[in-house]
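Undergrad: I'd like to go over a predicted model; first the sequence, then the structure.
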Amino acid sequence: MTAAIEIRRLREHDDRSGISCGQADLHRFFLHYAVQTIARARAR
């Protein structure tokens, strides 16, 4: 049996605590970029 895979944007209630790219510096960059993107979207 094959598991279904759903590709979608993260939602506010999604648990992000286990998400990591595996490299600490790159992970921090992604977190910073995500915060900036969210702030820009909310400012619109």
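TA: Perfect, I can see it now. Numbers count the residues shown, from 1 in each chain.
Undergrad: contacts and neighbour counts: CA atoms only from here.
TA: OK.
Undergrad: how far off centre is stretch 4-11?
TA: How far stretch 4-11 lies from its chain's middle: 11 Å, per Cα atoms, centre = their mean, to the nearest Å.
Undergrad: what do you get for stretch 32-44?
TA: The answer for stretch 32-44 is 12 Å, by Cα atoms, centre = their mean.
Undergrad: likewise for stretch 26-44?
TA: On the basis of Cα atoms, centre = their mean, stretch 26-44 is displaced by 9 Å from the centre of the chain it belongs to.
Undergrad: for it, give me every contacting residue.
TA: Here stretch 26-44 makes contact (Cα atoms under 8 Å, 6 or more residues apart in numbering) with 20, 21.
Undergrad: ramachandran angles for residue 36?
TA: phi -60, psi -40 (degrees, to the nearest 10).
Undergrad: start at 31, not 1
TA: From this message on, residue numbering opens at 31, which makes the last subject residue 66.
Undergrad: that one and residue 37, how far apart?
TA: 23 Å (Cα to Cα, to the nearest Å).
Undergrad: just residue 44 next, same as before
TA: Taking Cα to Cα, one finds residue 44 at 13 Å from residue 37.
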